[in-house]
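> Model the following, please.
(one chain, ligands or ions: 1)
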Amino acid sequence: MPAIASNVIVESEAFRANRLAYLELIAQFRSLERKVRAASARADDKFRSRGQLPPRERINWLVDRDSPFLELSTLCGLGMHEDDGVDNVYGGGLIAGIGVVSGVRCLIAANDSGIKGGTAHPMGVEKAIRAQEIALHEKLPYVQLVESAGANLLLQAEMFVRGGATFANMARLSAAGIPVISIVHGSSTAGGAYQTGLADYVVMVRGRSKVFLAGPPLLKAATGEIAKDEALGGAELHCVTTGLGEYLAEDDADALRIGREVLAHLGWGGPTPRPPARAPLYDAEELLGVVPVDYRKPYDVREVIARIVDGSEFLDFKPGYGAETVCGHAAIEGRPVGLIGNNGPIDSAGASKAGQFIQLCCQAGLPIVFLQNTTGYLVGVAAETSGIVKHGSKMIQAVTNANVPKLTLQIGGSFGAGHYGMCGRSFGPRFLFSWPNARFAVMGGEQAAKVMTIVAEDAAAARGLPFDGDKVMAQGAKIVAGYDRQSTALFATARLWDDGLIDPRDSRATLAFCLETCAESDARVLRPNAFGVARF
Ligand code: COA
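Numbering: from 1, shown residues only. Model (predicted):
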């Protein structure tokens with residue numbers, strides 16, 4: 001396969017400026033991630049004084065040493081509800097990711113109980129639901145590290161109904177033949193109790209796990225009854241009397257060891273063998289200089305592909321036809337894929353080409369990687385008369401119904417129906433990560449302001465009224481400011497429009513990990529049952 005020859009001049013001023021801009025964006029989201037850790041770490045002394053491990057350390061003890069952990073949606077809920085986006089950054093109060101436990105790839109979800117007692121926040125609920133969706137789709141055992149004060153009582157209206165899905169999903173996972181394992185580290189009240197009760201395997205910690213529908217404060221408030229937490233729902237009670245717990249551990253570390261043993265005895269099988277792979281010819285470090293932070297500045301997406309795929313080899317598909325939509329074959333860490341990228345708006349030929357290419361990938365069973373950087377489908381009289389609506393629709397149809405793994409990297413602009421055609425969130429990518437420069441909106445803010453000005457002018461003329469230019473200008477400025485604020489990668493990741501932000505330099509490793517996860521999932525045969533496993 002021919003290798004891409006890069007035309008990038010790494011000594012150029014543009015390269016240097018791009019790199020600096022990326023380093024700043026990366027530093028910004030990394031600093032916010034540190035704030036999530038710091039918010040939880042405020043409770044570290046409390047955990048240690050009780051003989052407990054803090055939540056992140058629990059994950060470290062659970063996973064295989066030196067194995068990768070793909071953390072998801074680290075900045076979930078940023079700037080929303082109790083997360084002020086500045087000093088109190090919570091990551092949704094849940095740590096979720098894919099890791100390897102006793103050689104088994106698992107979805108791990110740990111209540112970040114250093115933050116608000118591990119309560120379920122509205123966005124944390126969404127994060128848990130997405131984690132469960134991944135577990136179900138990727139056939140990953142779902143391991144929960146539970147310590148949760150249940151619903152956040154100050155935000156209940158925003159999560160009570162939706163929160164039910166987290167419990168329904170546990171039943172669905174179990175019925176689908178995917179084991180759910182809960183290691184209960186501490187107090188698990190109300191919703192926290194169902195995180196335990198709906199699991200297939202429960203590990204409890206002597207003297208620390210407390211599982212009850214109503215803990216002492218709620219019980220007192222509800223019935224006036226006064227009870228001590230141990231008598232109401234301690235680990236021994238559940239492992240000896242109620243039968244809710246299967247395994248009684250002496251402390252957190254012991255509980256995690258037992259959790260590892262449970263995984264080891266599932267007979268689940270290890271990862272699929274890694275195919276041989278070659279590194280790209282160009283350094284991933286150069287990605288920061290290659291791609292302008294501003295999506296309006298053109299560049300050749302092949303420069304990105306050259307720094308992601310094996311040997312930088314890329315079999316360009318119809319490069320001369322619909323040339324601004326780039327399609328082609330390559331491999332990532334030895335796994336063959338089809339790639340689709342953008343060098344400009346998607347025109348009719350580009351949409352047809354992409355639609356055809358997607359069908360070919362489906363015919364060959366090849367996963368498709370979308371490198372999304374699009375201002376949308378081409379508009380204008382020429383585009384309309386060439387049938388852009390028809391061609392764009394068939395591309396969207398092909399993307400939606402493609403039955404091979406779809407992975408999306410949002411590497412720049414993500415506007416209008418281009419977001420859909422390039423496999424945005426609603427089009428079922430198995431994983432979707434964003435670079436920190438990504439921008440999402442139905443259109444650019446300035447375009448939206450201009451559209452609304454023209455609409456106002458036309459409306460005034462139609463009614464025979466004078467056009468109030470000042471009012472419309474003020475409205476336009478508001479629209480631009482609103483779009484600017486609402487289209488950033490941070491705004492998007494807070495709302496789970498992606499599965500998290502990544503450093504562009506980690507693109508190849510992230511895609512390879514996701515491809516491996518999909519390959520493993522597609523090869524696995526589950527043993528579903530009708531109701532899920534229950535304790536009789
Ligand atoms: N909703 C909102 N905030 C809650 C909460 C809840 N259900 N439960 C605890 N919090 C908050 C606390 O106000 C505190 O906030 P702060 O950090 O801003 O001070 C933080 O979470 C930690 O709580 P704290 O009680 O100090 O932690 P703890 O580890 O000593 O005790 C619990 C944890 C779970 C035993 C205790 O907080 C509790 O019993 N909470 C009520 C649980 C409940 O009845 N839930 C019903 C849900 S339907």
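
> C-alpha only now, for contacts and for neighbours.
Will do.

> Skip ahead from the host helix or strand of residue 58 and say which helix or strand is next.
Using DSSP states H and E, residue 58 sits within helix 55-62. Following helix 55-62 in sequence order, the next helix or strand is strand 70-72 (DSSP H and E).

> Next, report how far that next one is displaced from the centre of its chain.
Distance, stretch centre to chain centre, for strand 70-72: 8 Å (Cα atoms, centre = their mean, to the nearest Å).

> Return the list of strands paired to the helix or strand that it is followed by, each annotated with direction.
Following strand 70-72 in sequence order, the next helix or strand is strand 94-101 (DSSP H and E). Take DSSP bridges as the rule and strand 94-101 pairs in its sheet with strand 70-72 (antiparallel), strand 104-111 (antiparallel).

> List the buried residues for the helix holding residue 58?
With burial defined by 16 or more other Cα atoms under 10 Å, the residues of helix 55-62 counted as buried are 55-56, 58-59, 61-62.

> quick one: which of those residues is nearest residue 155?
Nearest to residue 155 among the buried residues of helix 55-62, counting by Cα to Cα, is residue 55 at 22.7 Å.

> how close does the nearest residue to the closest one once chain neighbours are set aside sit to the ligand?
Among residues not flanking residue 55 along the chain, residue 112 sits closest, at 5.7 Å (Cα to Cα, 6 or more residues apart in numbering). Taking Cα to the nearest ligand atom, to the nearest Å as the measure, residue 112 falls 11 Å from the ligand.

> what do you get for residue 263?
In terms of Cα to the nearest ligand atom, residue 263 sits 28 Å off from the ligand.

> Can you classify residue 237 as helix, strand or coil?
Three-state call for residue 237 (DSSP: H, G, I helix; E, B strand; the rest coil): helix.

> My guess is it contacts residue 231. True?
Yes. Using Cα atoms under 8 Å, residue 237 is in contact with residue 231, at 7.2 Å.

> out of those two, which sits in the busier spot?
Comparing residue 237 with residue 231 by other Cα atoms under 10 Å, the one with more neighbours is residue 237, at 18 against 11.

> Got the confidence number for that one?
What the model reports as pLDDT for residue 237 is 97.

> Spit out the contact partners of it.
Under the criterion of Cα atoms under 8 Å, 6 or more residues apart in numbering, the neighbours of residue 237 are 230-231.

> where along the stretch 251-400 of the chain do the helices fall?
252-264, 287-290, 302-305, 348-364, 381-385, 388-401 (DSSP state H, counting those that start in this stretch).

> Return the closest of the buried residues of helix 55-62 with respect to the ligand.
residue 55 (12.3 Å; Cα to the nearest ligand atom).

> so how far is residue 341 from residue 403?
Residue 403 sits 19 Å away from residue 341, going by Cα to Cα, to the nearest Å.

> give me the residue from the stretch 151-300 of the chain nearest the ligand.
Here the stretch 151-300 of the chain gets closest to the ligand at one residue, residue 152, 3.4 Å apart by Cα to the nearest ligand atom.

> Surely that residue and residue 120 touch.
Yes. Taking contacts as Cα under 8 Å, residue 152 lies within contact range of residue 120: 5.5 Å.

> Okay then, goodbye and thanks.
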